[in-house]
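Participant: After the sequence you'll find the predicted model.
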Amino acid sequence: MAGLVLWTLWDWHDMQSWEQVPAEIVHAELETHRGDDSTTYKVAARYTYAYNSVDYESDRVSLHGGSDNIGSYQSRKAAELKQYLKSGQPFHCYVNPLAPAEAVLYPELRMEMLGFYLLFALTFGGVGYGLLFFSVRGMRRKSDQIQLEQQHPQEPWCWDEAWAKGEIRSSNKTIMIFSALFALFWNLISSPVWFLLPAEVRGGNWPALLAGIFPLVGIGLVCWAIVNLLRWWKYGESVFQMASVPGVIGGPLVGVVHTNVKLNPEHGFHVRLSCVHRETSGSGKNRRTHKEILWQDERVIQRELLQQDPSKSAIPVEFAIPFDSRPTDEAKTNDRVLWRLEVSADVPGVDYHATFEVPVFRTDQSSADYSPETSLTDKYEVQEDPDVVIRRAGFRVHKTDVFGVRYVFPMLQIGVASIGFAVFTLIWTAAIVMMIKLGAGYVLPTVFLLFDILFILALADSWLWRSQLDVEQGRVTHRAGLFGWGKRKTIPATDVSRFATESRMQSSSQRYYNLKLVTRSGASLTIAKHIPGKRLAETAGKHILHAIQSQ
């Protein structure tokens, strides 16, 4: 395809020296070619001309041969030539002076055709050469890893040079390159929609507008790539220096994240450690990757270690890893367990965010009873006001008329996860509408509609669910449901045992939790839904429990 682009450009350059002479159109029509998947068009014509007193006849219409359905070029040129054929007026053609039998009516380049050719050249060529490059690189890395495995058969954290040193660089550069390549690839694949969609809509094919989602997603991917580029430009590469290698199952993960620039976030550094199970199944177009967050904990660090250094920052990291957690496992590429450390901060301009893949394994120091006697990061953590915490969890707190407290978890708690799910549901619904308009029968649209009803109900529960908890006069009154219309329940304050968290939702690297009030009999009431982070949900529960016990 790249060769075809060069051949076309060579022909176009050669035709710039051809001479224009009068021509008579003797035949013109628009040919229609119907295939299994699409319909293409070709303007066909015959014309006569004279050059150096010799008569010639030709049927070459344009620089680009063959039929296509890219834009309205073929139909426009066919209409123009038919008009000249009907009126009998002379047209023009361009003749090769070195070979007068060669002529063409339209020698101009069609940029949309060149773009179509380049689409194939860059996409397939990029993927092919990319696979070759990464295959060779992967073979070299695998060879080095085999040697390390033989030297340290019982220490898998030594199989990676960065892990063995305990100096782990952030993934920001890799993410930047990946996002740029993925955005380029996606936009190359979806670019024909920009040329085909207008003609389809003009022809009355309104369901084709659904295809416009793909270039819109492409615009979003370009924005994502630009943000990653700006983040890399602004912050460069951060390094997580581990205090000891590896992180221990039933033990600690301790270290310091070093940055190349000074950071002074108003709301501190958000540090999160996650255990992620990533499983890939199927192959080809049926390939699916499922990610599940098995465990997650987070801290908010207010003060860093190098407060007097104006050129860089150092953020302390400390987590206690549960004994029943799964260790890092990268033996199978399609079934992996990863431990991911993320550090983020809200700062002017592009926010700081760095991701590290850290080694966490079961060692001789692993203990089911591990509990650190003192925390190294306590004095650096944010000591948040309980009222601020409860608001961050999504609650609105009011005083009642009888000297009580009312906790309201309102509707429209809209986060990234709910917005993404809403967009997915909208696309799913649009697909059903398109099926019905295209006459896809009853079975497939009905199956899709059943799932769509479930999606809409889940979306309504996410956006329109409301909860109200009144704590007053030694009792707790609760009411929750869509629009807050659920049944009112009242229990004695002394019957409240504790608050529990339950996770049923995750989005990207964030797990969300529901907060439940548990009575001494074991019954539970859902007080709030989709709180971002277990620690935030637990802190909110402690705040409400303290208010109940104070009655």
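Facilitator: Sure thing, it's come through.
Participant: Tell me which stretches of the stretch 1-150 of the chain form helices.
Facilitator: With DSSP state H, counting those that start in this stretch as the criterion, the stretch 1-150 of the chain has helices at 2-15, 73-87, 111-151.
Participant: would you turn those helices into CSV with mean pLDDT and distance to Arg299?
Facilitator: All C-beta atoms are positioned from the backbone trio N, CA, C, and that covers glycine. Formatted as CSV, the helices of the stretch 1-150 of the chain follow (pLDDT from 0 to 100; distance: least, CB to CB, whole Å):
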stretch, mean pLDDT, distance to Arg299
helix 2-15, 91, 52
helix 73-87, 92, 61
helix 111-151, 80, 32
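Participant: Any idea which of those helices gets closest to Asn187?
Facilitator: Nearest to Asn187 among these is helix 111-151 (9.8 Å), distances taken as CB to CB.
Participant: what comes up buried for the helix or strand following the closest one?
Facilitator: Using DSSP states H and E, the next helix or strand after helix 111-151 towards the C-terminus is helix 161-165. For helix 161-165, the neighbour count (16 or more other CB atoms under 10 Å) marks Trp163, Ala164 as buried.
Participant: Return the set of buried residues in the very next helix or strand once past helix 161-165.
Facilitator: The helix or strand immediately downstream of helix 161-165 is strand 167-169, counting by DSSP H and E. By 16+ other CB under 10 Å, the buried positions in strand 167-169 come out as Ile168.
Participant: just how off-centre is the helix or strand immediately after strand 167-169 in the chain within its chain?
Facilitator: Next helix or strand after strand 167-169 toward the C-terminus (DSSP H and E): helix 172-190. Centroid separation between helix 172-190 and its chain, computed with CA atoms, centre = their mean, to the nearest Å, is 11 Å.
Participant: Mean neighbour count, the helices of the stretch 1-150 of the chain: which tops it?
Facilitator: Mean neighbours per residue, mean count of other CB atoms under 10 Å, is largest over these for helix 73-87, with a mean of 16.
Participant: what helices or strands is that one leaning on?
Facilitator: Under the contact criterion of 3 or more CB pairs under 8 Å, 6 or more residues apart in numbering; DSSP states H and E, helix 73-87 touches strand 19-34, strand 39-51.
Participant: re earlier: would you reformat the helices of the stretch 1-150 of the chain as JSON lines and include distance to Glu57?
Facilitator: Shown next, in JSON lines, are the helices of the stretch 1-150 of the chain (distance: least, CB to CB, whole Å):
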{"stretch": "helix 2-15", "distance to Glu57": "19"}
{"stretch": "helix 73-87", "distance to Glu57": "15"}
{"stretch": "helix 111-151", "distance to Glu57": "26"}
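Participant: Nearest approach to Ala101 belongs to which of those helices?
Facilitator: helix 2-15 (14.6 Å).
Participant: could you give the angle of that closest one to helix 111-151?
Facilitator: Angle, helix 2-15 to helix 111-151, by axes from the mean of the first three to the mean of the last three CA atoms, to 10 degrees: 150 degrees.
Participant: what sits up against helix 2-15?
Facilitator: 63-64, 94, 96, 104, 107-109, 113-114, 117-118, 121, 125 (CB atoms under 8 Å, 6 or more residues apart in numbering).
Participant: Distance to Glu472 added to those residues, as a markdown table?
Facilitator: Below are the contacts of helix 2-15 laid out as a markdown table (distance: CB to CB, whole Å):
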| residue | distance to Glu472 |
| --- | --- |
| Leu63 | 83 |
| His64 | 79 |
| Tyr94 | 91 |
| Asn96 | 95 |
| Val104 | 89 |
| Pro107 | 86 |
| Glu108 | 81 |
| Leu109 | 78 |
| Met113 | 74 |
| Leu114 | 74 |
| Tyr117 | 74 |
| Leu118 | 70 |
| Ala121 | 72 |
| Gly125 | 71 |
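Participant: which one of the helices and strands packed on helix 73-87 is the most hemmed in?
Facilitator: Greatest average neighbour count among the helices and strands packed on helix 73-87 goes to strand 39-51 (a mean of 18), per mean count of other CB under 10 Å.
Participant: Can you show me the CA trace of that strand as PDB?
Facilitator: Extracted C-alpha coordinates of strand 39-51, given in PDB (Å, rounded to 0.1, in the frame of the first residue of the first chain):
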ATOM      1  CA  THR A  39     -21.600  -0.800  -2.600                       C
ATOM      2  CA  THR A  40     -19.000   1.000  -4.600                       C
ATOM      3  CA  TYR A  41     -19.200   3.400  -7.500                       C
ATOM      4  CA  LYS A  42     -17.100   4.200 -10.600                       C
ATOM      5  CA  VAL A  43     -17.400   6.900 -13.200                       C
ATOM      6  CA  ALA A  44     -16.900   5.400 -16.600                       C
ATOM      7  CA  ALA A  45     -16.400   7.500 -19.800                       C
ATOM      8  CA  ARG A  46     -15.100   7.400 -23.300                       C
ATOM      9  CA  TYR A  47     -13.900  10.400 -25.100                       C
ATOM     10  CA  THR A  48     -12.100  11.400 -28.300                       C
ATOM     11  CA  TYR A  49      -9.400  14.000 -28.900                       C
ATOM     12  CA  ALA A  50      -6.900  15.100 -31.500                       C
ATOM     13  CA  TYR A  51      -3.200  15.700 -31.000                       C
END
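Participant: Give me the helices and strands touching that strand, please.
Facilitator: If contacts are counted by 3+ CB pairs under 8 Å, 6+ apart, strand 39-51 sits against strand 19-34, strand 54-58, helix 73-87, strand 91-95.
Participant: Just send the ones you listed back as TSV, with distance to Ala393 too.
Facilitator: As requested, the helices and strands packed on strand 39-51 are exported to TSV (distance: least, CB to CB, whole Å):
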stretch	distance to Ala393
strand 19-34	60
strand 54-58	77
helix 73-87	59
strand 91-95	73
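Participant: and of these, who's closest to Gly481?
Facilitator: In terms of CB to CB, the element of the helices and strands packed on strand 39-51 nearest to Gly481 is strand 19-34, at 55.1 Å.
Participant: could you say what helices and strands the closest one packs with?
Facilitator: Looks like strand 19-34 contacts strand 39-51, helix 73-87, strand 91-95 (3+ CB pairs under 8 Å, 6+ apart).
Participant: Listing request: residues of the stretch 251-400 of the chain with sub-threshold pLDDT.
Facilitator: Applying pLDDT under 70 to the stretch 251-400 of the chain picks out residues 283-286, 384.
Participant: ranges for the helices of it?
Facilitator: Secondary structure of the stretch 251-400 of the chain (DSSP H, counting those that start in this stretch): helices at 386-392.
Participant: now the helix or strand containing Leu216 and helix 172-190, what's the angle there?
Facilitator: For Leu216, the enclosing helix or strand under DSSP H and E is helix 213-235. Here helix 213-235 runs at an angle of 160 degrees relative to helix 172-190 (the same axes, to 10 degrees).
Participant: Who are the packing partners of helix 213-235?
Facilitator: The elements that helix 213-235 packs onto, with contact taken as 3+ CB pairs under 8 Å, 6+ apart, are helix 172-190, helix 192-202, strand 352-357.
Participant: The first one versus strand 352-357: what angle between them?
Facilitator: So the one you mean is helix 172-190. If you take the same axes, to 10 degrees, helix 172-190 sits at 100 degrees to strand 352-357.
Participant: which other helices and strands contact helix 172-190?
Facilitator: The contact analysis (3+ CB pairs under 8 Å, 6+ apart) places helix 172-190 against helix 111-151, helix 213-235, strand 352-357.
Participant: Skipping adjacent residues, who's closest to the residue most central in space within the chain in space?
Facilitator: Compute the mean C-alpha point of the chain, and by CA atoms, centre = their mean the closest residue is Leu221, 7.7 Å away. Excluding the flanking residues, the one nearest Leu221 by CB to CB, 6 or more residues apart in numbering is Ala183, at 3.9 Å.
Participant: That's all I had, so thanks and see you.
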